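Peer 1: sequence below, structure please.
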Amino acid sequence: MALASPAPGTFLRGAALVEASASDAVGVTKVEFYAGTTLLGTDTTAPYQVSWNTAGMTDGAHTLTAKAFDSIGNERNSTGVQVTVDNTAPVTAVSAPAQGALLRGTVPVSATASDAVGVERVEFYAGTTLLGTSTIAPYAVSWDTTAVANGSVTLTTKAYDAVGNVTTSAARTVTVDNSAPTVAITSPANGTSFSFLTFSTTIQASASDNVGVTQVVFYDGATVLGTDTTAPYSFSWNLLGAAKGNHTLTARAHDAAGNVTTSAPITVKVN
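Peer 2: Prediction:
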């Protein structure tokens, strides 16, 4: 008399088949199956088996046994087999990036996941596209956002436990922006000369972005002259403090995702 399946240490969920082998010189009349002291069912013909609805049991360790009877009342118990019932799905959530984040380039995507028995793996998705899988905490993958179109993307995770329970996280929406702004100096004109009677001049630039320009920084060579955060983008340059000679002016436009574009340079002369 012995339990044939499930094997010791098996993780079970839902309906599970419990099987036993039994023989007798006179004949086996029935085999009873138990989880602890709870009778799961009886089978009177070989192969001896019952379907066990594990959802009716608490999660955790259970000892399975079988008891065989013959026609004159002899009975024998099998050796116990310990299995683990796990009908509780993991819990999981996207932890980074933040809801509404603007992303560019390669970014980390992380998640939390836990389970009563243990998380086997966490899958990461952008829409329906699998980004990668992590099997150990802290659960994270690296996402190359340049592989997707600019715009809104929904991130989710799926956590699996050892028995096959699966949970999908709540969705988190982010915006991919790998497009840099455009920017150009519109005034003064390239080649302009300023006389000693000119105390200041306004440097102006046009800038645009698919998501939005956050700032335009104006440069004289490598020196920052000033910054403007609202259109029309401009800065009043004090020429009294400028060295005589040629100056190379540029404007650098930034967007909210961190993309940056530097304008074509212009050369002006201070006399």
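Peer 1: from now on I want contacts and neighbour counts done on CA atoms only, so please keep to that.
Peer 2: Will do.
Peer 1: chain center to stretch 147-160, what's the gap?
Peer 2: In terms of Cα atoms, centre = their mean, to the nearest Å, the centre of stretch 147-160 is set 8 Å apart from its chain centre.
Peer 1: repeat for stretch 10-25
Peer 2: 39 Å.
Peer 1: first-to-last residue distance for that stretch?
Peer 2: One end of stretch 10-25 to the other measures 32 Å (Cα to Cα, to the nearest Å).
Peer 1: one more: stretch 122-140?
Peer 2: Length of stretch 122-140, first residue to last, Cα to Cα: 9 Å.
Peer 1: state the mean pLDDT of that stretch.
Peer 2: Averaging pLDDT along stretch 122-140 gives 97.
Peer 1: in what helix or strand does the closest residue to residue 61 other than its chain neighbours lie?
Peer 2: Using Cα to Cα, 6 or more residues apart in numbering and skipping residues adjacent in sequence, the residue nearest residue 61 is residue 84, 4.3 Å away. Using DSSP states H and E, residue 84 sits in strand 81-85.
Peer 1: between its first and last residues, how far does stretch 242-261 reach?
Peer 2: Taking Cα to Cα, stretch 242-261 runs 25 Å from one end to the other.
Peer 1: tell me the bridge partners for the closest residue to residue 244 other than its chain neighbours.
Peer 2: Nearest residue to residue 244, sequence neighbours excluded (Cα to Cα, 6+ apart): residue 270, at 4.9 Å. The residues listed as beta-bridge partners of residue 270 by DSSP bridges are residue 194, residue 245.
Peer 1: and the pLDDT for the residue nearest to residue 61?
Peer 2: Here the pLDDT value assigned to residue 84 is 93.
Peer 1: quick check, it in contact with residue 7.
Peer 2: No: counting by Cα atoms under 8 Å, residue 84 stays clear of residue 7, with 10.8 Å between them.
Peer 1: report the secondary structure state of the residue in the chain sticking out farthest from the centre.
Peer 2: Of all residues in the chain, residue 72 has its C-alpha farthest from the mean position, at 63.1 Å, by Cα atoms, centre = their mean. When classified by DSSP: H, G, I helix; E, B strand; the rest coil, residue 72 comes out as coil.
Peer 1: swap in residue 111?
Peer 2: On the three-state scheme (three-state DSSP), residue 111 is labelled strand.
Peer 1: element containing the residue lying closest to it once chain neighbours are set aside?
Peer 2: Distances taken as Cα to Cα, 6+ apart put residue 94 closest to residue 111, at 4.3 Å, once the chain neighbours are dropped. Element membership for residue 94, per DSSP H and E: strand 91-96.
Peer 1: just checking: what are the partner strands of that strand?
Peer 2: Here strand 91-96 is paired, per DSSP bridges, with strand 106-114 (antiparallel).
Peer 1: what's in contact with the strand it pairs with?
Peer 2: With contacts defined as Cα atoms under 8 Å, 6 or more residues apart in numbering, strand 106-114 is touched by 90-97, 119, 122, 124, 137-146, 157, 159.
Peer 1: any of these buried? List them.
Peer 2: If you count burial by 16 or more other Cα atoms under 10 Å, the buried members of the contacts of strand 106-114 come out as 90-94, 96-97, 119, 122, 124, 139-141, 143, 145, 157, 159.
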